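>>> Okay, sequence plus prediction incoming.
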Amino acid sequence: MIDNKGKVAIVFGVRNEHSIAYHIALRLHQSGCQVVLSYLPDTKEEVLYLLDKAGIDTTNTAAVDVRNETEIQAFVSQVYERLGPIDYILHGVAFGNQQVLCYTIPGSQQPAPSYIDIPFEDFMDAINISAYSLLRICRSAEPFLSPGASVLTLTYNASQRVFPAYAGMAICKAALENIMLYLSSYFRKTSVRVNAISAGLIMTTSAGAIYGVRKLRKLGRQTAPLGNVDAGDIADTALYYFSDLSKKVTGNIHYVDGGFNIMGVAVEDEK
C-alpha cells in the first residue's frame, strides 16, 4: 500500500456510495491520508453517513458550490489553517441537465432534445460546473498547495469520440481536458502536477441518466480487451497519481477503461 501518512487531500464530487470520487476518497483514507470532502446541501446527510461509516473525520467537511469562488476559497483556506498545506485535490464534479445530455425522461412522450438545439444557458451551466470549476478550484487552492502537489480530474472518452447519448457533456469533457493541459504547464513553477483519468463507463448516479447506458456497458464488456471497469479500478489508478510514484507525470490523460479506447469497432463476445 502507498504510504500517504501526513498528506492532506480535498475531494470534490462525492454524491453517494456509487460516486467514483467516493471510492477514491476511500483509497486515500486507507493509504493514511487526511481526507476532506465537500458536499452539496442535498447530499449532506448521505456524504456524512458514508464518511462516518468509513471512519473518515467529518470535522472539516463543508457545503461547497463549485460555481462559487468565495465558497471554494473559504473551504480550502479552512483546510489549510487546520491541517496544513494541501497535497492532493480530486476534481470529480460534473453536471448536465436533460437539455444538455439530450435524453428523454423515462415514461415521457416528449422526444429527446436535438443536439443542435442545446440551449445556451443550460450548456453554460454544464460547462461551468463540469469544466471551468477545475480552473476555479486550482486558482482558489494555489496559495495553499504544497510544492509538488497533485491535482486529478475525471474525464470520459466522449471528449474524443462520438457517443450520441452523451451529447453536450462531451463538449464539457473536451474543455475539461484542455484546461487540465494548460494548468499542467502553468504550475511548472511549483512542480504541481495536473492529470486526468479517462474512466470507462461506470454505473454511477450520473451515468444512469445516459440513454442506453446498459447497452453501452454490454458493448464495453464485449469490446474492451479487459472488459468493463468498476469504481475501484479507477480508485486504484488515482492512488498512483496521489503518491510520489507519479512525481514526474503531468498533463496526462490516463485511460482506465479495459482498453475500450483502443478499439476501432465492436467485437463479438467470444466467451
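Structure's in. What do you need? Numbers count the residues shown, from 1 in each chain.
>>> make it CA atoms for all contacts and neighbour counts henceforth
OK.
>>> Glu45 is in what secondary structure piece?
Of the helices and strands defined by DSSP states H and E, Glu45 is found in helix 44-54.
>>> what do you get for Val14?
Here Val14, judged by DSSP H and E, is contained in no helix and no strand.
>>> do you know how far it is from Asp65?
Relative to Asp65, Val14 is positioned 13 Å away (criterion: C-alpha to C-alpha, to the nearest Å).
>>> And these two? Which one has more around it.
Counted by other C-alpha atoms under 10 Å, Val14 and Asp65 do not tie: Val14 has more neighbours, with 26 against 17.
>>> where in the chain is pLDDT low?
Judged by pLDDT under 70, the chain has its weakly predicted residues at 105-109, 203-215, 217, 220, 268-271.
>>> Point out the other helices and strands that the longest helix belonging to it packs with.
Criterion DSSP state H: the longest helix present in the chain is helix 168-186. Identification of packing neighbours for helix 168-186 by 3 or more C-alpha pairs under 8 Å, 6 or more residues apart in numbering; DSSP states H and E yields helix 98-101, helix 120-127, helix 133-141, strand 145-155, strand 193-199.
>>> If we use 10 Å, what do you get?
Judged by 3 or more C-alpha pairs under 10 Å, 6 or more residues apart in numbering; DSSP states H and E, helix 168-186 is in contact with helix 98-101, helix 120-127, helix 133-141, strand 145-155, strand 193-199, strand 253-256.
>>> Please compute how far the last one lies from its chain's middle.
What it means is strand 253-256. The chain centroid and the centroid of strand 253-256 are separated by 12 Å, computed with C-alpha atoms, centre = their mean, to the nearest Å.
>>> Ignoring the adjacent residues along the chain, who's closest to the residue sitting nearest the centre point of the chain?
By C-alpha atoms, centre = their mean, the mean C-alpha position of the chain lies nearest to Gly92, the distance being 2.4 Å. Using C-alpha to C-alpha, 6 or more residues apart in numbering and skipping the chain neighbours, the partner closest in space to Gly92 is Gly13 (4.5 Å).
>>> Point out the one among the helices and strands packed on helix 168-186 that comes closest to Tyr241.
With respect to Tyr241, and counting by C-alpha to C-alpha, the nearest of the helices and strands packed on helix 168-186 is strand 145-155 at 6.9 Å.
>>> Give the partner strands of that closest one in its sheet and their orientations.
Strand pairing for strand 145-155, determined by DSSP bridges: strand 86-91 (parallel), strand 193-199 (parallel).
>>> roughly how far out does it sit from the chain middle?
12 Å.
>>> tell me the angle of that strand relative to helix 168-186?
Taking axes from the mean of the first three to the mean of the last three C-alpha atoms, to 10 degrees, one finds that strand 145-155 is oriented at 160 degrees with respect to helix 168-186.
>>> Can you point out the buried residues in strand 145-155?
Along strand 145-155, the positions that meet the burial threshold by neighbour count (16 or more other C-alpha atoms under 10 Å) are Leu145, Ser146, Gly148, Ala149, Ser150, Val151, Leu152, Thr153, Leu154, Thr155.
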